[in-house]
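Participant: sequence and predicted structure, then a few things I'm wondering about:
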2 protein chains.
Amino acid sequence: MTPPDHPTDDQTIEMAEMFRLMGDATRLRIIFECLKGPVCVGDMADRLQASQSLISHHLRLLRAARILKSERQGKQVFYSAADEHISCVLTDMAHHVGEPVSEFEV
Amino acid sequence: MTPPDHPTDDQTIEMAEMFRLMGDATRLRIIFECLKGPVCVGDMADRLQASQSLISHHLRLLRAARILKSERQGKQVFYSAADEHISCVLTDMAHHVGEPVSEFEV
DNA sequence: CATATACATGAACATATGTTCATGTATTCC
DNA sequence: GGAATACATGAACATATGTTCATGTATATG
């Protein structure tokens, strides 16, 4: 497997920021829901059994980072994945956590 | 792009934990260094211009999460990537942050 | 215009996190 | 064994973060 080119400091910081946003279970669940198709805020709160406020706060962060995009339709605002790259990242990570442990270490 | 299967709660939490660890610039730099080959703690501290203690603390977390593995050789301990999955995740994320923005949004 | 619905946002707070400093532990060499 | 080197670790602290509560703003409907 060819490793990625060594990134610049700015790229590293930007990547870390992305990972940081994905590093919270609530936000990760939000992203997964958005990958299945556009979801409005209220439905998201219902699906995740979280408060509307909490969901909205997280959506704002994810949207600002361009992980999600939003589209208003009447009173509701629908959120969905901004592009397909995040899906790749998640698939790879899913494989990583699904991998059996090769060696038993303390 | 086929989205990943909807993960269980436990998988989501585990993935979030991984992303959280990658969501710090110092740790991300450590991971990138390890992808280039095994590095001992002192060299890592030199390369990243950080204290030995800081590096060691971060290495412990990354090792505990099985993102890195360690191998002692005499007085030195060499760290390297535990497997190739992380490299895939990083490559995808690099593409993501490198992507030009499609729409101009406030 | 008034009311209701759907979402956004600011303040506040408890907790988590990254870093430093000091100290401890393992390994090598004399 | 003692000194030196390389790494690990615990405490402490400033700051960041996730969540809640209360309130604000936009859109639709009567």
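Facilitator: The structure has been received and is ready for your questions. Quick caveat, the model's predicted, so the values are computed rather than measured. Numbering: from 1, shown residues only, chains lettered A, B, ... in the order given.

Participant: mind listing what's buried along the helix or strand encompassing A:Gln11?
Facilitator: Element membership for A:Gln11, per DSSP states H and E: helix A:9-22. For helix A:9-22, the neighbour count (16 or more other Cβ atoms under 10 Å in any protein chain shown) marks A:Gln11, A:Thr12, A:Glu14, A:Met15, A:Ala16, A:Glu17, A:Met18, A:Phe19, A:Arg20, A:Leu21, A:Met22 as buried. C-betas here are computed from N, CA, C, even on glycine.

Participant: so which residue is dead centre in chain A?
Facilitator: In chain A, the residue lying closest to the centroid (Cα atoms, centre = their mean) is A:Ile31, at 4.0 Å.

Participant: is it true that that one touches A:Leu90?
Facilitator: Yes. Using Cβ atoms under 8 Å, A:Ile31 makes contact with A:Leu90 at a distance of 7.3 Å.

Participant: ok, which stretches of chain A are strands?
Facilitator: Ranges of strands in chain A, per DSSP state E, are A:39-40, A:68-73, A:76-81.

Participant: go through those strands and pick out the most buried.
Facilitator: Across those, averaging neighbours per residue (mean count of other Cβ atoms under 10 Å in any protein chain shown) puts strand A:39-40 on top, at a mean of 21.

Participant: which secondary element of chain A has the worst mean pLDDT?
Facilitator: Least confident helix or strand of chain A, by mean pLDDT, DSSP states H and E, is helix A:85-98 with a mean of 91.

Participant: can I get the CA coordinates of that helix in PDB?
Facilitator: The C-alpha coordinates for helix A:85-98 follow below in PDB (Å, rounded to 0.1, in the frame of the first residue of the first chain):
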ATOM      1  CA  HIS A  85     -14.800  11.400  -0.100                       C
ATOM      2  CA  ILE A  86     -16.000  11.100   3.400                       C
ATOM      3  CA  SER A  87     -17.700   7.900   2.500                       C
ATOM      4  CA  CYS A  88     -14.300   6.500   1.400                       C
ATOM      5  CA  VAL A  89     -12.700   7.500   4.600                       C
ATOM      6  CA  LEU A  90     -15.500   5.900   6.700                       C
ATOM      7  CA  THR A  91     -15.300   2.700   4.700                       C
ATOM      8  CA  ASP A  92     -11.600   2.400   5.200                       C
ATOM      9  CA  MET A  93     -11.900   3.100   8.900                       C
ATOM     10  CA  ALA A  94     -14.700   0.600   9.200                       C
ATOM     11  CA  HIS A  95     -12.300  -2.000   7.700                       C
ATOM     12  CA  HIS A  96      -9.700  -0.900  10.200                       C
ATOM     13  CA  VAL A  97     -11.800  -1.400  13.300                       C
ATOM     14  CA  GLY A  98     -13.300  -4.600  11.900                       C
END
